[in-house]
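Participant: Following is a predicted model, sequence given first.
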2 protein chains.
Amino acid sequence: MVKVVIIGAGMMGTATAFPLADNGHSIHLVGTHLDGEIIRSCKKRHYHPKLKRALPQGVHPYFIEEISDAIDGAEVIVSGVNSLGVHWIAKTIGPYMRAGQIIIAVTKGLEVDPRGNLAILPDIITSELPASVSALVKMAAIGGPCIAGELAGKRQTCVVFGSRDKATAESLAALFRTDYYHVFTTSDLVGLEYCAALKNAYAMAVGMAYGMLELSGGVDEAGANGHNLAAAVFAQSCLEIHRILKTITASQSFALGLPGAGDLFVTTNGGRTSRLGNLLGAGHNITEARQIMIGDTLEAVEIIRSIDTALPNIEKNNQVKRDDLPLMQAMIDVIVHGKPAAIPFEKFSAYS
Amino acid sequence: MVKVVIIGAGMMGTATAFPLADNGHSIHLVGTHLDGEIIRSCKKRHYHPKLKRALPQGVHPYFIEEISDAIDGAEVIVSGVNSLGVHWIAKTIGPYMRAGQIIIAVTKGLEVDPRGNLAILPDIITSELPASVSALVKMAAIGGPCIAGELAGKRQTCVVFGSRDKATAESLAALFRTDYYHVFTTSDLVGLEYCAALKNAYAMAVGMAYGMLELSGGVDEAGANGHNLAAAVFAQSCLEIHRILKTITASQSFALGLPGAGDLFVTTNGGRTSRLGNLLGAGHNITEARQIMIGDTLEAVEIIRSIDTALPNIEKNNQVKRDDLPLMQAMIDVIVHGKPAAIPFEKFSAYS
């Protein structure tokens, strides 16, 4: 039995408690300052109101003010905050971290570092930890297609755990693996995190395609839907993810496999990223769409902004050109420049 | 204006008439002996009962008995029959073919040739044409994500036209291209046709994943669906398609792009292949599923049988091993050996 602390009681962080609990581990679930209502419900009724499920046996809920009790003696810390919370979580857990602990992040995103390069969130966390321990704490992250509500429902799920130290990924996998949570491992943490972030951006593009159908009057009298367009955008997305991955020499199986095509597939099946795309495709500009979705964290927006900011450096290194990413550029036009949504068919990939 | 004859008045064959008509071509639509009812409706009301749409202006319907009038002087012949009809169509149009004509096939499938190797359907058609013209007729085919009803509804659609002679693919593209039908071209006809066939097989696997959800009681009280599993199967499908394509040295962009991931994505959105997978996933064996779907052409079944038959030769050439295709093997077990559906998670691709 291992003591695991989950920081962030949102849906994905909490969902990881289900396989952990089934494996008999001791789980301390710490809400952030935004999760007060959730933790109150968890303490009072042992019920998670967003997941709409009872917490598993063996999960102990804590308010953020109780973090020092919760985190004491933990071997593994799950970072369950969203991409906007990574700096906060590093500063919050920093004082409690000690050598040999492992942090595994469910957070998905990419930030731009001070030199204008893309940085993965686990590295951001590491950089914010106290210097005395930052090199002694092992970082890992989870990629692959996983809707939190399905994991909590113990639906069959395949994910990839990444850590630069493969043994760390393997040891984590052994803690989490159940007959419904199938964990593969990789040492390519960077490639995994690029996929996890990029799939949000491109899922927005697929959502835009479906939104455009609405704009043109919706499903017609003979039942014609917009799947052809969505599929074309999906395919272009896979190609562009692969091109971006090549700049970091990630395994090509990532774009085709669970971290790329798999995670993109699941993310197009609803959720806030799809909804944002729908609104943009249906003719709203980004300001209007943000207003309609006020209160929602829009990871796709942050990721597209980060890519736009980092592209000059990426181009300088001759890795990939902006013109090689026409769909990404179309999203940058929408998100950064406030333009109406449009699909650049004429720039889509040619086949030899 | 070019004279185009479409043989086979099913949904996909007929749908190609819409962009052709918008480009002002003269289109003769010839029903097979199975399409009598459709052609009667087309002649009487200029209405296609399966597409649930009026035929475009410039489309002239013909019964199969009228083929000699219909085909006279055609520059392009669209093969709109299904995979079971390729031998028939070659024999039927053979007497009318002359040098310089182009046949473009919408048909998707793979057959096993007498030596036990996989053969693409355009090559089957060529082999069945009279020897006097077979080398003088140019063959092409259409791949990429295209639901017929959406094309007929003039929804935005991206496809790939393939011909070993790239100029043939380009000249066809020029006839078909409209502002809603975006045609890319490739000289890799074999790769394109492999994708078109394989995506049917793997779409059945994704359908199986969704069917398994039904078997386990459907969406639960907290709303947990089966998208995680479907996405994992989708990702494994992309990886296996890529592995099979490597045996014929197809461009890697095919598995990621419109012919692979794109076409697989659209095919998982309903249709008879998904339905077959759903039935198998929900616990029916192949005999029961066939009985429930009596009258439907089940291309996936034929393709999976073909792969199973050809695999010994493929393995002999050291191209790919059966063990590299665990999902395909699981489908072979269901379709060929009558076993219950199962997902071989433990054999899914590892990441380095």
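Facilitator: Arrived safely.

Participant: mind listing the strands for chain A?
Facilitator: A:3-7, A:26-30, A:47-48, A:53-54, A:59-62, A:76-79, A:102-105, A:110-112, A:118-120, A:138-143, A:157-162, A:181-186 (DSSP state E).

Participant: Most tightly packed of these?
Facilitator: strand A:157-162 (a mean of 29; mean count of other CB atoms under 10 Å in any protein chain shown). Bear in mind the C-beta positions are built from the backbone N, C-alpha and C, glycine included.

Participant: Need the residues that contact that one.
Facilitator: A:104, A:140-146, A:150-151, A:169, A:172-173, A:176, A:180-189, A:191-193, A:258-259, A:262, B:228-229, B:232, B:235, B:345, B:348, B:351 (CB atoms under 8 Å, 6 or more residues apart in numbering or on different chains).

Participant: which of those count as buried?
Facilitator: Neighbour-count burial (16 or more other CB atoms under 10 Å in any protein chain shown) is assigned, among these, to A:104, A:140-146, A:150-151, A:169, A:172-173, A:176, A:180-189, A:191-193, A:258-259, A:262, B:228-229, B:232, B:235, B:345, B:348, B:351.

Participant: what sits against the residue of the stretch 1-150 of chain A found nearest chain B?
Facilitator: With CB to the nearest CB, the shortest gap between the stretch 1-150 of chain A and chain B falls at residue A:145, namely 3.4 Å. Listed by CB under 8 Å, 6+ apart, the contact partners of residue A:145 are A:157-159, A:258, A:262-263, A:265-267, B:227-228, B:231-232, B:235.

Participant: can you rerun that using 10 Å?
Facilitator: By CB atoms under 10 Å, 6 or more residues apart in numbering or on different chains, the contact list for residue A:145 reads A:157-160, A:199, A:258-267, A:269, B:227-235.

Participant: One more: residue A:191?
Facilitator: Residue A:191 makes contact with A:120, A:143, A:160, A:162, A:245, A:248-255, A:259-260, B:351-352 under the criterion CB under 10 Å, 6+ apart.

Participant: rerun at 6 Å
Facilitator: Taking CB atoms under 6 Å, 6 or more residues apart in numbering or on different chains, we find residue A:191 in contact with A:245, A:250, A:254.

Participant: One more: residue A:245?
Facilitator: Residue A:245 sits in contact with A:191, A:254, A:255, where contact means CB under 6 Å, 6+ apart.

Participant: Recalculate using a threshold of 7 Å.
Facilitator: A:191, A:194, A:254, A:255 (CB atoms under 7 Å, 6 or more residues apart in numbering or on different chains).

Participant: Show me which of these is closest to chain B.
Facilitator: The nearest one, if we look at those relative to chain B and count by CB to the nearest CB, is residue A:255, at 6.0 Å.

Participant: thought the closest one was touching residue A:238?
Facilitator: Yes: Residue A:255 lies in contact with residue A:238 (CB atoms under 7 Å); the separation is 5.9 Å.

Participant: tell me the domain ranges of chain A?
Facilitator: A:3-187, A:191-347 (automatic domain parsing).

Participant: could I get those domains as CSV with mean pLDDT and distance to residue B:324?
Facilitator: As requested, those are arranged in CSV below (pLDDT from 0 to 100; distance: least, CB to CB, whole Å):
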stretch, mean pLDDT, distance to residue B:324
domain A:3-187, 96, 16
domain A:191-347, 95, 12
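
Participant: Show me the residue at the heart of chain A, geometrically.
Facilitator: residue A:108 (2.8 Å; CA atoms, centre = their mean).

Participant: give me every residue that touches the residue lying closest to that residue once chain neighbours are set aside.
Facilitator: The spatially closest residue to residue A:108, leaving aside those adjacent along the chain, is residue A:196, at 4.1 Å (CB to CB, 6 or more residues apart in numbering or on different chains). With contact taken as CB under 7 Å, 6+ apart, residue A:196 is in contact with A:108, A:143, A:259, A:263.

Participant: pretty sure residue A:35 contacts residue A:7?
Facilitator: No: at 9.8 Å, residue A:35 and residue A:7 do not qualify as touching, with contact defined as CB under 7 Å.

Participant: okay, and the common contacts of those two?
Facilitator: Counting by CB under 7 Å, 6+ apart, nothing touches both residue A:35 and residue A:7.

Participant: Just want the angle from the longest helix seen in chain A to strand A:157-162.
Facilitator: Identified as the longest helix of chain A according to DSSP state H is helix A:189-215. Counting by axes from the mean of the first three to the mean of the last three CA atoms, to 10 degrees, helix A:189-215 lies at 140 degrees to strand A:157-162.
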